Structure formats: structure tokens, C-alpha cells
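> Quick one, structure for this:
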Amino acid sequence: MTTIRCSWANPANPRYLDYHDTEWGVPCHDERRLFEMLNLEGAQAGLSWETILNKRDTYRAAFDDWDAEKIAAYGPDKVAQLLVDPGIVRNRLKVAAAITNAQAYLRLRAQGQTLDGFLWAYVDGQPIVNSWQPGEFPAKTALSDQLSKDLLKLGFKFVGSTIIYAYMQGIGMINDHAPACFCRAGR
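You can find the predicted model right below:
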């Protein structure tokens with residue numbers, strides 16, 4: 001029997017299949033992973049998610065396992081080191097955004113909020129389950145527009161509405177698995 005997956009899940013890449021099967025659309029409440037995914041989705045802008053996913057381990061090493069306190073303190077020497085690291089996307093604006101995002105995240109925490117609580121309040125703590133048909137998937141929605149605006153107000157960067165919609169899918173705030181996909185049920 002053939003396992004039916006979303007059409008975007010590349011069967012030639014085991015890492016990508018694992019991501020589809022075990023992470024995408026699964027509700028995430030882990031602070032570090034939420035912070036990591038926010039930055040990885042921003043790094044993906046203009047590229048494929050598969051490219052970023054294939055670099056995820058080197059991103060973790062380069063960005064101190066997504067320790068926001070360490071990242072917020074990065075100075076010019078660390079930035080220079082990151083900009084020559086072939087294991088990440090060497091884009092000055094995206095590297096700067098990760099540092100800015102760490103600072104914004106720490107300000108959020110200093111105000112007594114978690115990223116988990118902040119994000120999941122937009123969906124009342126429950127994933128939105130859509131029933132899009134192939135070709136109907138939106139790049140953004142009114143909800144991603146609002147969350148994007150609110151993150152920008154908090155000082156986050158590379159959080160445009162399209163990036164945020166993909167982020168919401170990735171962390172399970174939205175379940176956009178295709179109706180026939182084996183991952184759709186139970187999430």
C-alpha cells in the first residue's frame with residue numbers, strides 16, 4: 001500500500017520526508033524550537049524550504065543551538081564569522097535579523113510573555129485545520145497578516161505575512177496537510 005503525502009514532500013530527500021511526517025503541522029510549544037523555526041523561516045525567504053532544512057544542523061551549530069541570549073550578544077566578529085560559513089545562508093540582512101529577533105524575543109520574555117503563549121493566543125490555543133484542495137493553498141491570510149504586523153511592532157525582522165503563514169504551518173498553528181495525506185488526521 002502506498003503512503004499518501006502532501007504533494008510537496010520530496011520522496012527523494014529522507015530529511016524532507018521526515019520533516020513532513022513528524023514536524024510540519026504538528027503543534028509545537030517548545031520555546032527554543034519556536035524561536036529556531038521563526039529564524040529559519042526568515043532565512044528561507046527567496047529560497048526553498050528544502051534548502052534551509054538541509055542546512056538546519058549547521059544553522060544550529062552556527063547560531064549556538066538557537067540560544068537567544070548568546071545570539072542577542074553577537075558582535076561584529078561573530079557576524080563576520082557567520083557571513084563566511086558555507087553551512088548557512090550568508091546574507092547579511094538575514095544574519096542581522098536573527099540577532100535582532102533574539103533581542104526582540106528577550107524583550108518579550110522580560111515582559112513576562114513566552115513566544116509560545118504569544119503565538120498560540122492568535123488561534124485560542126488550538127490549531128486551525130484547513131481543507132484546501134490542490135492549487136488553493138494561500139501564500140498568506142488575514143491571520144498571518146495580523147501576526148506579521150504584531151511581530152514587526154515587537155521588533156522582529158523577516159516576519160512578513162508569507163513567511164509567517166509558512167511558520168504557522170511549520171509549528172502546527174495551522175494544519176494544511178492535504179485532505180488525503182496520512183498526516184492530516186489526529187493533528
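
> Just the helices from this protein, written as ranges.
Ranges of helices in the chain, per DSSP state H, are 14-22, 31-44, 49-54, 56-62, 68-72, 76-82, 92-110, 115-120, 142-153, 161-170.

> Check which helices and strands the third one sits against.
Judged by 3 or more Cβ pairs under 8 Å, 6 or more residues apart in numbering; DSSP states H and E, helix 49-54 is in contact with helix 14-22, helix 31-44. Every residue, glycine included, has its C-beta placed from N, CA and C.

> can you list the residues that contact that helix?
Applying Cβ atoms under 8 Å, 6 or more residues apart in numbering, the contact partners of helix 49-54 are 10, 13, 15, 16, 19, 40, 43, 44, 59, 89, 166.

> can you pull the contacts of the nearest residue in space to the last one that is not next to it in sequence?
In other words, residue 166. Nearest residue to residue 166, sequence neighbours excluded (Cβ to Cβ, 6 or more residues apart in numbering): residue 41, at 5.4 Å. Contacts for residue 41 (Cβ under 8 Å, 6+ apart) come out as 158, 163, 164, 166, 167, 170.

> do residue 154 as well
Residue 154 neighbours (Cβ under 8 Å, 6+ apart): 104, 107, 108.

> I figured the first one hits residue 153, correct?
Right, the one you point to is residue 104. No - applying Cβ atoms under 8 Å as the test, residue 104 and residue 153 come out as separate, 9.8 Å apart.

> and the helices and strands packed on helix 49-54, which is most packed in?
helix 31-44 (a mean of 22; mean count of other Cβ atoms under 10 Å).

> Could I get the average pLDDT for that one?
Average pLDDT, helix 31-44: 98.

> How about stretch 67-84?
Rounded mean pLDDT across stretch 67-84 is 98.

> Distance from the chain centre to it, please.
20 Å (Cα atoms, centre = their mean, to the nearest Å).

> before we move on, what about stretch 101-118?
On Cα atoms, centre = their mean, the centre of stretch 101-118 falls 16 Å from the chain's centre.

> And it, end to end?
One end of stretch 101-118 to the other measures 15 Å (Cα to Cα, to the nearest Å).

> Can you list the buried residues in it?
101, 102, 103, 104, 105, 108, 115, 116, 118 (16 or more other Cβ atoms under 10 Å).

> before we move on, what about stretch 122-136?
122, 123, 127, 128.

> distance of the residue lying closest to the last one once chain neighbours are set aside from residue 82?
Read that as residue 128. Leaving aside its chain neighbours, residue 128 sits nearest to residue 174 (4.9 Å; criterion: Cβ to Cβ, 6+ apart). Distance from residue 174 to residue 82, counting by Cβ to Cβ, to the nearest Å: 31 Å.
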